[in-house]
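**Student:** Sequence plus the predicted model coming up.
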Amino acid sequence: MQFNKDKLDLRLYQQTILNSAINQNTLVVLPTGLGKTHIAIALSAARLKENSKILVLAPTKPLILQHMQTFSEFFEPADKLALLTGEVSPNERKILWNDSKIIFSTPQTIRNDIIYGQIKLTDVSLIVFDEAHRAIGDYAYVFIAENYAKTAPNSKILALTASPGSEEYKINDVCKNLFIDKIEYRSRDDSEVKDYVKEIEIHYKSVELPDEIIAIKSRLERALQFRIDKLHRYGFLTNKSAIITKKALLHLQLTLRNQYRKKNFAVARGISVCASVIKLKHMLGLAESESLTALNEYFENLLEISKTTKTKAVKELVGDFNVNAAHILTLNALENNIEHPKLNLLKTIIEEQINLKPTSKILVFTEYRANIPKILDTLSPIKMDAHYFIGQGKKRKKVWIFRKLI
């Protein structure tokens with residue numbers, strides 16, 4: 001392949017990081033927009049030999065397409081760059097793998113092809129793991145890195161992330177799982193990069209919840225407190241704090257399940273109550289921070305699941321007086337066109353920005369899929385064109401891009 005090196009102008013900090021990556025498996029931690037991909041391109045050029053391949057991995061198809069487009073600006077011919085996704089048949093993926101020099105894929109596809117003997121990593125001279133902070137637990141990155149370390153005689157790993165995690169043990173897990181030898185970290189304030197960082201202004205806007213949402217919250221809080229008191233009575237919760245975090249609940253749930261597997265069946269009721277508490281906290285989060293539309297969808301899904309499931313926590317929740325009261329209050333509020341006030345605030349903010357700069361492109365992030373239609377409906381009077389991106393995995397996040405119609 002031909003590498004158009006004259007097109008690539010690395011900054012000093014990128015060159016410093018590249019030098020480390022040439023010699024060691026490296027985790028690169030750089031804020032978004034500071035050129036992690038260009039470091040990957042430069043290292044790919046250095047590692048690409050006649051009988052070798054480069055594999056670039058990213059969690060989502062939109063992201064991997066973006067990488068492929070960027071790489072194609074520096075490498076020729078274009079037909080030696082290939083995109084492998086689950087939408088391509090296994091036989092065609094095998095042909096593309098054999099015929100290509102730089103391969104772009106989601107990790108799930110590569111893991112499956114390795115397991116079923118479609119591909120081997122023996123001749124891969126570099127794997128780029130984008131969004132490397134995902135390399136924990138049973139995520140496909142972990143399997144691929146382990147297989148690569150075992151089978152490739154000339155292996156090299158470059159891991160990229162803007163957010164490695166705030167907890168040291170998670171960072172250590174990522175480094176262990178990806179066989180990282182060195183971490184190259186630059187923050188927005190580092191002297192090497194600060195001249196290239198665009199200033200970000202953060203403005204926090206608060207809203208006052210209407211009485212209808214407060215009433216819904218009150219019902220859910222009663223149902224929640226009843227179950228938290230149960231966990232205290234059973235001896236599963238010893239923390240006297242009024243605030244119990246989701247992290248603490250998930251840890252308790254895991255502990256109880258492990259005890260149950262060891263034939264300690266006395267913890268069964270604790271597992272069920274803990275599951276109910278987690279669901280109720282989720283409902284409260286929807287009411288407080290998201291939308292009544294999303295909350296109502298959650299209620300409806302819970303009712304649907306209760307018709308077929310044997311799960312005690314679900315059946316108990318759908319039969320709970322306070323939960324049912326919260327559902328009825330939610331339906332009444334929606335029928336009266338009452339929603340979370342942040343939606344109208346969002347509309348006002350976007351209108352102001354469009355009036356200020358009609359060519360603006362705006363990103364709106366939302367945690368829950370059910371919010372998307374409601375957001376679009378709220379913003380429809382502004383007459384904006386909207387497109388969305390959906391991430392893969394269990395926890396999906398949609399992004400709507402709103403721009404003024406031409």
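**Tutor:** Received it, and whenever you're ready, just let me know what you need. Numbers count the residues shown, from 1 in each chain.
**Student:** and the helix or strand hosting Ser276, what's its mean pLDDT?
**Tutor:** Using DSSP states H and E, Ser276 sits within helix 268-289. For helix 268-289, the mean per-residue pLDDT is 89.
**Student:** What residues sit buried inside the helix or strand just after that helix?
**Tutor:** Once helix 268-289 ends, the next helix or strand along the chain (criterion: DSSP H and E) is helix 292-306. By neighbour count on 16 or more other C-beta atoms under 10 Å, the buried set for helix 292-306 is 292-299, 302. Placement of C-beta: from N, CA and C, glycine included.
**Student:** what's the answer for stretch 140-149, then?
**Tutor:** For stretch 140-149, by 16+ other C-beta under 10 Å, it's 140-145, 147-148.
**Student:** what do you get for stretch 335-352?
**Tutor:** Judged by neighbour count (16+ other C-beta under 10 Å), stretch 335-352 contains these buried residues: 339-340, 342-343, 346-347, 350.
**Student:** chain center to that stretch, what's the gap?
**Tutor:** Chain-centre distance of stretch 335-352: 26 Å, with C-alpha atoms, centre = their mean, to the nearest Å.
**Student:** do stretch 213-223 as well
**Tutor:** A distance of 29 Å separates the centroid of the chain from that of stretch 213-223, by C-alpha atoms, centre = their mean.
**Student:** Can you pull the poorly scored residue ranges out of this structure?
**Tutor:** 165-169, 239-243, 261-266, 390-406 (pLDDT under 70).
**Student:** Helix or strand: which one has the residue with the largest distance to the centre of it?
**Tutor:** For the chain, the largest distance from the centre (C-alpha atoms, centre = their mean) belongs to Arg233, which lies 36.6 Å off. Secondary structure assigned from DSSP H and E places Arg233 in helix 211-234.
**Student:** Same list (the buried residues of helix 292-306) but as JSON lines, adding distance to Ile64.
**Tutor:** Below are these laid out as JSON lines (distance: C-beta to C-beta, whole Å):
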{"residue": "Leu292", "distance to Ile64": "36"}
{"residue": "Thr293", "distance to Ile64": "32"}
{"residue": "Ala294", "distance to Ile64": "29"}
{"residue": "Leu295", "distance to Ile64": "34"}
{"residue": "Asn296", "distance to Ile64": "35"}
{"residue": "Glu297", "distance to Ile64": "30"}
{"residue": "Tyr298", "distance to Ile64": "31"}
{"residue": "Phe299", "distance to Ile64": "36"}
{"residue": "Leu302", "distance to Ile64": "35"}
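**Student:** so how far is Val56 from the spatially closest residue to Lys7 that is not a sequence neighbour?
**Tutor:** Excluding its sequence neighbours, the residue lying closest to Lys7 (C-beta to C-beta, 6 or more residues apart in numbering) is Phe74, at 5.7 Å. According to C-beta to C-beta, to the nearest Å, Phe74 and Val56 sit 13 Å apart.
**Student:** Tell me which of those two has more neighbours.
**Tutor:** Between Phe74 and Val56, Val56 has the larger neighbour count (other C-beta atoms under 10 Å), namely 26 against 19.
**Student:** Check whether that one sits in a helix, strand or coil.
**Tutor:** strand (DSSP: H, G, I helix; E, B strand; the rest coil).
**Student:** Equivalent analysis for Leu363, please.
**Tutor:** strand.
**Student:** so what's it bridging to?
**Tutor:** Beta-bridge partners recorded for Leu363 (DSSP bridges): Ile401.
**Student:** For it, give its distance to His387.
**Tutor:** In terms of C-beta to C-beta, Leu363 sits 11 Å off from His387.
**Student:** can you list the domain ranges for this structure.
**Tutor:** Per the record, the chain has its domains at 2-196, 211-335, 342-404, by automatic domain parsing.
**Student:** re earlier: how far off helix 268-289 does the helix holding Arg233 point, in degrees?
**Tutor:** Put simply, helix 211-234 runs at 160 degrees to helix 268-289, going by axes from the mean of the first three to the mean of the last three C-alpha atoms, to 10 degrees.
**Student:** what sits up against whichever helix or strand comes after helix 211-234?
**Tutor:** Counting by DSSP H and E, the next helix or strand C-terminal to helix 211-234 is helix 246-261. With contacts defined as C-beta atoms under 8 Å, 6 or more residues apart in numbering, helix 246-261 is touched by 231, 236-237, 239, 267-268, 270-271, 274-275, 277-278, 281.
**Student:** Who wins on neighbours among the residues you listed?
**Tutor:** Cys274 (27 neighbours).
**Student:** Give the full set of residues in contact with that residue.
**Tutor:** Contacts of Cys274 by C-beta under 8 Å, 6+ apart are 231, 236, 249, 252-253, 256.
**Student:** if we take the buried residues of helix 292-306, which one ends up nearest to Ile102?
**Tutor:** Ala294 (40.7 Å; C-beta to C-beta).
**Student:** my guess is the closest one meets Leu286, correct?
**Tutor:** Yes. The criterion here is C-beta atoms under 8 Å, and Ala294 meets it with Leu286 at 4.9 Å.
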